[in-house]
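*Asks:* coordinates for the following, if possible.
(4 chains)
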Protein chains: 2
Amino acid sequence: MLAFLLDPAAQSGPADGASDMHPTRNRLISVATRLFQQRGYHAIGLAEILALSETPKGSLYHHFPGGKPELAEACVARIAESSLAAIDRLSGSGLDMIGFLRRLSEVTAAWLQRTDWLDGSLLAVIGQEQGGANGPLSEAVRIAYQRIEMRLARWLMAEGIAVARARDMAATIIAAQEGALVLARSRHDAAPVTLVTDMLCSMVERG
Amino acid sequence: MLAFLLDPAAQSGPADGASDMHPTRNRLISVATRLFQQRGYHAIGLAEILALSETPKGSLYHHFPGGKPELAEACVARIAESSLAAIDRLSGSGLDMIGFLRRLSEVTAAWLQRTDWLDGSLLAVIGQEQGGANGPLSEAVRIAYQRIEMRLARWLMAEGIAVARARDMAATIIAAQEGALVLARSRHDAAPVTLVTDMLCSMVERG
DNA sequence: GCCAGCATAGACCGACCAGTCTAGCGGGGT
DNA sequence: ACCCCGCTAGACTGGTCGGTCTATGCTGGC
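*Replies:* Sure, this is the predicted structure:
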């Protein structure tokens, strides 16, 4: 979710607290995130990540002693941080949840088309690949979803919705958005994103 | 979507037109489907499929000269056929769309728990892994989604909904269900499935 | 009984995988 | 001036990958 805001945010400058980290580490995470979210964890070899980021293998294992899984964990963590930051930014700018959903829909559709349907949801693809496994990577995905859900729920509560309902609505929003992304990518058609957004908006409107 | 009905249907007997195919071919598709939908296409090696299905490599390449991709295509095609058959069965038994969604929710939740969150959506995981690629495998996923969507839309039209709206609703249903599956698996919690179903039901009720 | 074919069986192959290891660079501290 | 060490650099390795190939059942038609 919200992976697209990595591009503007991470590339533009010192936001996200990503710029204070080592440039090589940063570059590895950026390239790996893009590749993983396009084709999944297992389809991407280290060779491709290293070639695209122009990094030797030694550097990767210096910054990520745990190897590929640790790199993927860092990618998931950064997606989570970026998503939270984006939610905070928008919720702090006076937007209401309906406005957020509309805007999310627009930006998502534009992102999908701009990347020619190559980019997808990192959390979704890695979560699906890891399945019900209990490794640290699937745990990272679980936590990422949970943090995003809680942040959305908090926003909904600030709009006067009861806590239990807010959490349910937040989970529904995430599920529907992720599903829309899956279907839109497969169809090469952004329509599912706007359709799901319409449904989510009326859910929020009805309370 | 609707992958779970493979188990009861394919195992119980001569439904789905699957029993008239060669038993080895059938067994390969069943085992490969289960493995792919648990961990994705790239994470599963032929060795594992062959070991679990007790099939030698020669048989695989006899029945699927195209190798792994062709086997995966057959898995996707079977999921599509099973889903269509299930939809037809339920729509023919006097159930309305709301009843279908409720029932789908119950069966999906039970399936997720029964398989200890290991099983997922074959279409979603393969679709995500293939991404925006234009290979025959991602084309198979696209067609599978499209066929299911058209069948659902037909059902909705039979309930008096206009054609354009019916197609939109069908796409929304599929997107939301797939997303719920993704999130539920990651959280090891079936709640997203029922939450999304509630939302879909009110969408259908409102027309 | 015998042949023809489909299907099984698994040894084998080159490519590629993630990961290890040693060597060397370069700049800040003293 | 020197050294130390965070970091870069890439050759190398054992294992696994998908795929090919030859050999061998097995079975229905004659």
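*Asks:* contact residues of chain A facing DNA strand C?
*Replies:* With the criterion set to C-beta under 7 Å from any atom of the strand, chain A comes near DNA strand C through A:44-48, A:57-58, A:61, A:67-69. Any C-beta I mention is one placed from the backbone N, CA and C, and that applies to glycine too.
*Asks:* in helices, which of these fall?
*Replies:* With DSSP state H as the criterion, helices contain A:46-48, A:57-58, A:61, A:68-69 from among those.
*Asks:* need the max-distance pair from the residues of chain A next to DNA strand C.
*Replies:* Of all pairs drawn from those, the greatest distance, 19.3 Å, lies between A:44 and A:58 (C-beta to C-beta).
*Asks:* neighbour-wise, which of these two wins?
*Replies:* Comparing residue A:44 with residue A:58 by neighbour count (other C-beta atoms under 10 Å in any protein chain shown), the higher total belongs to residue A:44, at 21 against 9.
*Asks:* now do the phi/psi pair for the more buried one.
*Replies:* The phi and psi values for residue A:44, taken as degrees, to the nearest 10, are phi -100, psi 120.
*Asks:* dump the residue contacts of it.
*Replies:* Residue A:44 makes contact with A:32, A:35-36 under the criterion C-beta atoms under 8 Å, 6 or more residues apart in numbering or on different chains.
*Asks:* can you check residue A:75 too?
*Replies:* Residue A:75 makes contact with A:29, A:32-33, A:36, A:122, according to C-beta under 8 Å, 6+ apart.
*Asks:* give me the nearest residue to it, chain neighbours excluded.
*Replies:* Closest residue to residue A:75 apart from its sequence neighbours, by C-beta to C-beta, 6 or more residues apart in numbering or on different chains: residue A:33 at 4.3 Å.
*Asks:* equivalent analysis for residue A:74, please.
*Replies:* In space, residue A:74 comes closest to residue A:29 once its chain neighbours are excluded; the distance is 5.2 Å by C-beta to C-beta, 6+ apart.
*Asks:* any bit of the host helix or strand of that neighbour sitting next to DNA strand D?
*Replies:* Residue A:29 belongs to helix A:23-39 when assigned by DSSP states H and E. Yes. Counting by C-beta under 7 Å from any atom of the strand, contacts between helix A:23-39 and DNA strand D involve A:23-24.
*Asks:* buried residues, that helix. List them.
*Replies:* For helix A:23-39, the neighbour count (16 or more other C-beta atoms under 10 Å in any protein chain shown) marks A:24-39 as buried.
*Asks:* no further queries at this time; thank you.
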